[in-house]
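[1] using only what follows, build the 3D model:
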Amino acid sequence: MDIKDKTILITQDKDESEKLIELLEQDGAEFIFCPLEKYVSVENDQIQETLHNIDQFDNILYGNQRNAEFFFDHIYEESILEKVLNRINFALDQQTANYLEERGVPAITAAPNTEPIDLVELMLRLGQMGKSLYPCGKHFKEELPGFLFELSIECKELELYDKVGPSEQDLKRYRVVVNENQPDIVVFHNADSIRRIKIAFPDLKWDLIDKIAVNNKIANKIQENGVNVDHVISFEEAEGIK
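    All right, here's what the predicted structure looks like:
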């Protein structure tokens, strides 16, 4: 896809879009940054209690790199890396496994197969079906714990972060920017991005815009919302977009 002299609308958090930009960037391309979501830590007594009793878990499961990043913020704060090393650490994909290993934590992964059921099957083959801890986000329903629950395998979901939208002031500013610089390309980085973009920018001229989804699963979700996807480009290895 030729993106020279094109204006690309990115609505992902700017700090998380660096790899995405590297893969899209060409000479002459311009980017409009209008983050419609960001991830923030949550605090509650359950987090501290769980971390203080981390020895009760046999496994720690990481569904994506974001889950791991928020988890390790707490691990370093509590100085319990040694206890994490004494658990079996499973990562759903290679990127998350690489993140863990960069921090000295050996990780088992089912990659290149990256569906939750693949990791559950791997755990079954290895006989590692003890009590598991699953760091995750608040209000995010992820498949991996659900598979374990269906098998009556104990898994505790530990909510560490939440997703919030832009302030009213930022949203007004974004609308001015987009109305003055109608994008040639819009990138859908997760399944919820179509809803957020439609609400934030109701005047987008969709018939004049190339729509890019970062994988087939997201493309299908976008098309279920009545928007045809023109291109699908896989960014999982670079960005871990879900």
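
[2] please make it C-alpha for all contacts and neighbour counts, starting now.
    Noted.

[3] outline the domain layout of this protein.
    Here the domain parsing of the chain from automatic domain parsing is 7-37+165-239, 41-163.

[4] least reliable of those domains going by mean pLDDT?
    Least confidently modelled of the domains of the chain is domain 7-37+165-239, at a mean of 85 by mean pLDDT.

[5] picking up where we left off before, how about the domains of the chain in CSV, adding mean neighbour count?
    Below are the domains of the chain laid out as CSV (neighbours: other CA atoms under 10 Å):
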stretch, mean neighbour count
domain 7-37+165-239, 16
domain 41-163, 17
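
[6] from one end of stretch 120-133 to the other, what's the distance?
    14 Å (CA to CA, to the nearest Å).

[7] run through who's touching it.
    For stretch 120-133, the surrounding residues in contact (CA atoms under 8 Å, 6 or more residues apart in numbering) are 56-61, 110, 144, 147-148, 153-158.

[8] rerun at 6 Å
    57, 58, 59, 60, 154, 155, 156 (CA atoms under 6 Å, 6 or more residues apart in numbering).

[9] just the element for the residue lying closest to residue 81 once chain neighbours are set aside, please.
    For residue 81, ignoring the flanking residues on the chain, the nearest one in space by CA to CA, 6 or more residues apart in numbering is residue 75 at 6.0 Å. Assigned by DSSP states H and E, residue 75 belongs to helix 65-78.

[10] contacts for that helix next, please.
    With CA under 6 Å, 6+ apart, helix 65-78 has contacts from 81, 96, 135, 136.

[11] again, only this time at 7 Å
    Contacts with helix 65-78, where a contact means CA atoms under 7 Å, 6 or more residues apart in numbering, come from 62, 81, 96, 99, 135, 136, 137, 160, 240.

[12] got the CA positions of that helix in CSV?
    What follows is helix 65-78 as a C-alpha-only set of coordinates in CSV (Å, rounded to 0.1, in the frame of the first residue of the first chain):
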residue,chain,number,x,y,z
GLN,A,65,2.4,-7.4,26.9
ARG,A,66,0.2,-4.6,28.4
ASN,A,67,-1.0,-7.0,31.1
ALA,A,68,2.7,-7.9,31.8
GLU,A,69,3.8,-4.2,31.9
PHE,A,70,1.2,-3.2,34.5
PHE,A,71,1.9,-6.3,36.5
PHE,A,72,5.7,-5.7,36.6
ASP,A,73,5.1,-2.1,37.8
HIS,A,74,3.7,-3.7,40.9
ILE,A,75,6.4,-6.4,41.0
TYR,A,76,9.2,-3.9,41.1
GLU,A,77,7.4,-1.7,43.6
GLU,A,78,6.9,-4.6,46.0
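
[13] kindly reformat the contacts of helix 65-78 as JSON lines containing secondary structure and distance to residue 230.
    Formatted as JSON lines, the contacts of helix 65-78 follow (DSSP: H, G, I helix; E, B strand; the rest coil; distance: CA to CA, whole Å):
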{"residue": "62", "secondary structure": "strand", "distance to residue 230": "32"}
{"residue": "81", "secondary structure": "helix", "distance to residue 230": "45"}
{"residue": "96", "secondary structure": "helix", "distance to residue 230": "29"}
{"residue": "99", "secondary structure": "helix", "distance to residue 230": "32"}
{"residue": "135", "secondary structure": "strand", "distance to residue 230": "35"}
{"residue": "136", "secondary structure": "strand", "distance to residue 230": "32"}
{"residue": "137", "secondary structure": "strand", "distance to residue 230": "30"}
{"residue": "160", "secondary structure": "strand", "distance to residue 230": "35"}
{"residue": "240", "secondary structure": "coil", "distance to residue 230": "21"}
